[in-house]
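S.K.: Task: produce atomic coordinates for the following.
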Amino acid sequence: MKKLTDQMDEEAVSAFTACGYDGKYAHVTASNRPDLCEFQCNGALAAAKQYKKPPMAIAQEIALRLENSSIFSAVEAVKPGFLNIRVKESFLADYLCQMMEADDYGNEKTSQKQTIMIDYGGPNIAKPLHVGHLRSAIIGESIKRMGRYSGHEVIGDVHMGDWGLQMGLIITELKERKPELPYFDEAYSGEYPKEAPFTIAELEEIYPTASAKSKEDEDFKERAMQATYELQHGRRGYAAVLNHILNVSVADLKKNYENLNVSFDLWKGESDAQPYIPAMVQKMKDDGFAYVSDGALVTDVKEESDTKEIPPCMILKSDGASLYTTTDLATIVERMEKWNPDKIIYVADKRQELHFIQVFRCAKKTGLVTDTTQLTFLGFGTMNGKDGRPFKTREGGVMRLSSLIEDINEEMYRKISENHTMSEQEARETAKIVALSAVKYGDLSNQASKDYIFDIERFTSFEGNTGPYLLYTIVRMKSILKKYVQTGKDAKGCKILPAASESEKALMLEAGRFIGIIQAAFEELSPHKVCAYLYDLANAFNHFYHETKILAEEDEKRQAGYIQLLNLCRGIMETCIDVLGFSAPERM
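M.R.: This next block holds a predicted model:
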């Protein structure tokens, strides 16, 4: 289906061209003065320069031409040459009826389907998820869902950190604690145990202990660095330990991500890129891109247009060890060979911008990707506490993600149980659903690149621009629809009628905006635009609800029209919250 504004544009174009003016000036937009009109067209102002006529004269010609429009009920020319427009209630009702009958409420899948990979999550294994992992997971998941809704093939990869010094630290600490394990015997040639020699709780204690030791004990640090080197160069026993670390960590990570309603198609880590590094490095050398500088292997990535210094991209350290840069480049090689994506999107802290500039330029320059492959960095801001600093526990430490979710679940449970309308079990289950909306909407309603204040009290409120407010609106719609059915009535086959009030028309206009909203937000990687639309639609519905006695309406045909309008709005809202990564309960 064509967007509502596209149909209006076509109507305006026909009027402009019929009057002898170029149709390019006939662009209709939402009014910036909704107190005066619903839509506006400012084309007469621009056309005046080309046709050397007063803009008001052009606007009056267009308004006269549109007097008998099938779409517009009123088109008024106002000084200095604006066209103030109102839409016909009958046209709008017919448009919404078409949306009701169409698949996906009239949204059409893209005609240019792409294979898109999204690199998000980025947890380090052997360490619990903390609040710093929240934004990447939430934003990345919404981008993935919006892309799929738009018709693209989207592949999500968690891309874990499993290959740096932290692995050497864990191996070294484990060797000190359990030197008898076969992984540390270089002469051992048998099968290694299938069971890991540690639990997730032990693993999460081993790493910080080893990290603290390395800062105080130079010998321990040297041994950890040597263990890292040997792991990266194929030592069999250390590779088996890494495999155990991965299995134990991933099982725990999956549980934590499931609590956020976040899932990945690929559970790849930096270690998966290792087989691609030798050939990649050799090719960079052979093609003359990589050279030795201060012992390290680097590639120049600066460009003439740079306004600030962009350092060379380091491929290998002086001791031959790989870096974050190396594994990111090798991961691109793997992705191009296995999936050949049209686009790769990286969702990470915006402070990593320089790193991704270097990686992207190096990948393009050295031919790791094609000329048409798009490499995109979506950098996000920090999640801060009320003090404006990165979110911490009350004691000042980094908060575990599981603790944050638990706190919000409890706050939501407290608010829901105050109504005393649910059993404890139902209240707990409902609280979990609503708490997730509070977390996700609280994050996604902000522009990704900006820092924001994580305010539990505000985010869990049932009023204002919050997730719970949206869910409460959906639940209110469900309640009305359920009560209507319980009266024995059925609106199936009934049509949405032309609006009988300003609040009803405002709601219909908001519903009519839905086509193209998700696709446009995906193209701009801006989930906050879906959030803004949802909030506007919820406000329009609640205004209509408070002014209209839906279930007490005596005219059954009009009441059925109201019910169909509610069905459409409920469906639109549930579609939007689904692409944002949360859902609505049956009642609250």
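
S.K.: dump the residue contacts of Glu61.
M.R.: For Glu61, the contacting residues are Cys19, by Cβ atoms under 8 Å, 6 or more residues apart in numbering. All C-beta atoms are positioned from the backbone trio N, CA, C, and that covers glycine.

S.K.: That one is in what secondary structure piece?
M.R.: helix 55-65 (DSSP states H and E).

S.K.: hey, C-alpha coordinates of that helix in PDB?
M.R.: Only the C-alpha atoms of helix 55-65 are listed here, as PDB (Å, rounded to 0.1, in the frame of the first residue of the first chain):
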ATOM      1  CA  PRO A  55       3.600  32.700  -4.000                       C
ATOM      2  CA  MET A  56       0.100  33.600  -2.700                       C
ATOM      3  CA  ALA A  57      -1.200  33.700  -6.300                       C
ATOM      4  CA  ILE A  58       0.200  30.300  -7.000                       C
ATOM      5  CA  ALA A  59      -1.200  28.900  -3.700                       C
ATOM      6  CA  GLN A  60      -4.600  30.300  -4.500                       C
ATOM      7  CA  GLU A  61      -4.600  28.600  -7.900                       C
ATOM      8  CA  ILE A  62      -3.700  25.300  -6.400                       C
ATOM      9  CA  ALA A  63      -6.300  25.600  -3.600                       C
ATOM     10  CA  LEU A  64      -9.000  26.300  -6.300                       C
ATOM     11  CA  ARG A  65      -7.900  23.300  -8.300                       C
END
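
S.K.: Against which helices or strands is the following helix or strand past it packed?
M.R.: Helices and strands here follow DSSP H and E; after helix 55-65, the next one along the chain is strand 72-78. Judged by 3 or more Cβ pairs under 8 Å, 6 or more residues apart in numbering; DSSP states H and E, strand 72-78 is in contact with helix 55-65, strand 82-87.

S.K.: Would you map the strands across the stretch 451-588 of the chain?
M.R.: 452-453 (DSSP state E, counting those that start in this stretch).

S.K.: Mind jotting down where the helices sit in it?
M.R.: 456-459, 467-486, 502-512, 517-523, 527-547, 556-580 (DSSP state H, counting those that start in this stretch).

S.K.: Which of the three states applies to Val250?
M.R.: helix (DSSP: H, G, I helix; E, B strand; the rest coil).

S.K.: what about it, distance to Glu309?
M.R.: Look at Val250 and Glu309: by Cβ to Cβ, to the nearest Å, they are 39 Å apart.

S.K.: Comparing those two, which residue is more hemmed in?
M.R.: Between Val250 and Glu309, Val250 has the larger neighbour count (other Cβ atoms under 10 Å), namely 17 against 6.

S.K.: roughly how far apart are the more buried one and Ala290?
M.R.: Taking Cβ to Cβ, one finds Val250 at 33 Å from Ala290.

S.K.: now swap in Phe462 and tell me
M.R.: 58 Å.

S.K.: same deal with Ile116?
M.R.: 29 Å.

S.K.: Same check on Gln564?
M.R.: Going from Gln564 to Ala290 by Cβ to Cβ gives 65 Å.

S.K.: Now name the helix or strand holding the residue in the chain sticking out farthest from the centre.
M.R.: Most distant residue from the mean C-alpha position of the chain: Ala187, 49.4 Å away (Cα atoms, centre = their mean). Per DSSP H and E: Ala187 is located in neither a helix nor a strand.

S.K.: And the strands in the stretch 1-150 of the chain?
M.R.: Under the criterion DSSP E, counting those that start in this stretch, the stretch 1-150 of the chain contains strands at 28-30, 39-41, 72-78, 82-87, 115-119.

S.K.: Identify the residues contacting the third one?
M.R.: Contacts with strand 72-78, where a contact means Cβ under 8 Å, 6+ apart, come from 8, 11, 37, 44, 56, 59-60, 62-63, 66-67, 69, 83-89.

S.K.: Pull out the buried members of those.
M.R.: Burial by neighbour count, 16 or more other Cβ atoms under 10 Å: within these this picks out 8, 11, 37, 44, 56, 59-60, 62-63, 66, 69, 83-89.

S.K.: hmm, back to that, out of the helices and strands packed on strand 72-78, nearest to Leu444?
M.R.: Judged by Cβ to Cβ, the one of the helices and strands packed on strand 72-78 that comes nearest to Leu444 is strand 82-87, at 30.3 Å.

S.K.: what about that closest one, distance to the chain center?
M.R.: Between the mean C-alpha location of strand 82-87 and the chain-wide mean there is a distance of 35 Å, by Cα atoms, centre = their mean, to the nearest Å.

S.K.: where does the stretch 351-500 of the chain dip in pLDDT?
M.R.: Applying pLDDT under 70 to the stretch 351-500 of the chain flags the ranges 393-396.

S.K.: try the chain
M.R.: 393-396.

S.K.: Assess the claim that Val439 and Glu406 are in contact.
M.R.: No: using Cβ atoms under 8 Å, Val439 makes no contact with Glu406, being 11.5 Å away.
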